[in-house]
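Colleague: Fold the following, please.
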Amino acid sequence: MTARRLISGPFVSVFFSALVASSAASAQDRGELLYATHCGACHTVQMHWRAGRSATDWTSLKAQVQRWQAVVSLAWTDDDVTAVSRYLNNSVYHFEQTVQRSTTTQLVAEK
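Modeller: Okay, the predicted model is just below:
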């Protein structure tokens, strides 16, 4: 079997699927690590379930993460804010994740 044959077809599809899954898992792990390191001491799970919580959807969740990381001068990147927001959303909130395209006002599902 030639090398060319090995890197085509199903092998390539499986390889890239595993790579994407690994990347998504890494982002989730990064979000969890950032949250545990910088937020977990004060924000227990009960904090997220209180009646007057500020996060009521995906957009407000990201806004709250952005707000509080700025308040404590963490200087997180947009990717960091998104990673922490995804971690919180996947573990606590379960909001539908959306992102607004820059060229339109149409909302699309974030992957």
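
Colleague: drop to CA atoms for contacts and neighbour counts, all remaining ones
Modeller: OK.

Colleague: secondary structure class for R53?
Modeller: Here R53 is coil, with the state taken from DSSP: H, G, I helix; E, B strand; the rest coil.

Colleague: neighbours around it, how many?
Modeller: Other residues within reach of R53 by the criterion other C-alpha atoms under 10 Å amount to 10.

Colleague: again, but for W68
Modeller: W68 has 12 nearby residues by other C-alpha under 10 Å.

Colleague: same question, R30
Modeller: R30: 17 surrounding residues under other C-alpha under 10 Å.

Colleague: tell me which element it is part of?
Modeller: When secondary structure is defined by DSSP states H and E, R30 falls within helix 10-38.

Colleague: Do you know the pLDDT at the nearest residue to A83 once chain neighbours are set aside?
Modeller: Excluding the flanking residues, the one nearest A83 by C-alpha to C-alpha, 6 or more residues apart in numbering is G31, at 4.3 Å. As predicted, G31 sits at a pLDDT of 95.

Colleague: Could you do Y35 as well?
Modeller: Spelled out, the predicted local distance difference test score at Y35 is 92.

Colleague: Report the secondary structure state of the nearest residue to it once chain neighbours are set aside.
Modeller: With C-alpha to C-alpha, 6+ apart as the criterion, Y35 has its nearest non-adjacent residue at 6.1 Å, and that residue is V84. Under the three-state scheme (three-state DSSP), the conformation of V84 reads as helix.
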